[in-house]
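*Asks:* quick one: sequence plus predicted model below, questions after.
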Amino acid sequence: MTEFYFVRHGKTFANQQGLKQGTINSEITYLSDIGKQQAHHLHDHFDISFADKIYASPLQRTLDTADYLNAGVDLPIEKDERLLEISYGKWDGKSNAELMKTYTEVFDDELKDVLPSYAVLADGETFEHVTSRLSEFMEEIAHKNPNGKFVVVSHGFTVKAAMIVALKQQNDPMSVIEPDNTSVTKIRLKNNQYYVDYFNRLY
């Protein structure tokens, strides 16, 4: 059975300002002091020495979080573009609150986040595409490593997408909340059957 331990990156300056980061990779999306503290705290409370490897999104905020986690452990780190955050298209870098005021019809009131229908307005990546690439990633890694254990450092929506895949709820993406910064989610895959051991666990 292959085990995946999903970690969301530490808080960024853009997180603190309520901006949609998407695939932006500039200083505003780097870890803030709070994010660095979160990543350091996670390192101190989540021992990853059990894992075989770290997979990470190629953006700086995830790579820095992976480096904090890996301090003193020195696991190999492999970048994988399938772990990138959802691309919000023209909305990358925009204020979530302002977008919600302007485009209320494509936002969920409870979660205060976009509905799948947002993609047409924003020229953004669809929910289905994100879940598809996460499913492809997990199935490929599990096929190659049927007994592997991997830490996967990624992004809020991407971790959510992994949960949607695992729970087979692709038709209801709003049923899963976005996880907290530096939370850990464990998903196992064996014989095409997913098992969710925990979601959004903080250390």
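*Replies:* Thanks, I have it.
*Asks:* switch to C-alpha atoms for all contacts and neighbour counts from now on
*Replies:* OK.
*Asks:* off-centre distance for the helix or strand Ala66 falls within?
*Replies:* Take DSSP states H and E as the rule and Ala66 turns out to sit in helix 60-70. In this view, helix 60-70 has its centroid 13 Å away from the chain centroid, taken as C-alpha atoms, centre = their mean, to the nearest Å.
*Asks:* can you tell me what sits against that helix?
*Replies:* 8-10, 12, 25, 29-31, 36, 39-40, 42-43, 48, 54, 56-57, 77, 153-155 (C-alpha atoms under 8 Å, 6 or more residues apart in numbering).
*Asks:* again with stretch 10-24
*Replies:* 28-32, 34-36, 38-39, 59, 61-62, 65, 84-89, 91-97, 181-182.
*Asks:* any idea how far that stretch is from the chain center?
*Replies:* With C-alpha atoms, centre = their mean, you get 13 Å for stretch 10-24.
*Asks:* repeat that for stretch 141-161.
*Replies:* 10 Å.
*Asks:* buried residues in the helix or strand hosting Lys101, which are they?
*Replies:* Using DSSP H and E, Lys101 falls within helix 96-102. For helix 96-102, a neighbour-count test (16 or more other C-alpha atoms under 10 Å) marks Asn96, Leu99, Met100 as buried.
*Asks:* distance to Ala162 added to the residues you listed, as CSV?
*Replies:* Below are the buried residues of helix 96-102 laid out as CSV (distance: C-alpha to C-alpha, whole Å):
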residue, distance to Ala162
Asn96, 23
Leu99, 25
Met100, 25
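*Asks:* how about TSV for the residues you listed, with distance to Tyr203 and pLDDT added?
*Replies:* As requested, these are arranged in TSV below (distance: C-alpha to C-alpha, whole Å; pLDDT from 0 to 100):
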residue	distance to Tyr203	pLDDT
Asn96	28	97
Leu99	32	98
Met100	32	97
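*Asks:* tell me the spacing between the spatially most central residue of the chain and Asn191.
*Replies:* Nearest to the mean C-alpha position of the chain, counting by C-alpha atoms, centre = their mean, stands His155 at 2.6 Å. The spacing between His155 and Asn191, counted by C-alpha to C-alpha, to the nearest Å, is 27 Å.
*Asks:* Phe199 in helix, strand or coil?
*Replies:* With DSSP: H, G, I helix; E, B strand; the rest coil as the basis, Phe199 sits in strand.
*Asks:* measure it to Ala162 for me?
*Replies:* Noted for Phe199: a distance of 11 Å to Ala162, by C-alpha to C-alpha.
*Asks:* what does the helix or strand hosting His129 contact?
*Replies:* Assigned by DSSP H and E, His129 falls within helix 127-144. Helix 127-144 has contacts (C-alpha under 8 Å, 6+ apart) with 1-2, 82-83, 86, 116, 148, 158, 161-162, 164-165, 170, 173, 189-190.
*Asks:* where do the helices of this protein begin and end?
*Replies:* 13-17, 33-45, 60-70, 96-102, 118-122, 127-144, 156-167 (DSSP state H).
*Asks:* list only buried entries from the contacts of helix 127-144.
*Replies:* Here, 16+ other C-alpha under 10 Å leaves 1-2, 82-83, 86, 116, 148, 158, 161-162, 164-165, 170, 173, 189 buried among those.
*Asks:* returning to what we had before: now go through the contacts of helix 60-70 and say which are in strands.
*Replies:* Arg8, Ile54, Ala56, Ile77, Val153, Ser154 (DSSP state E).
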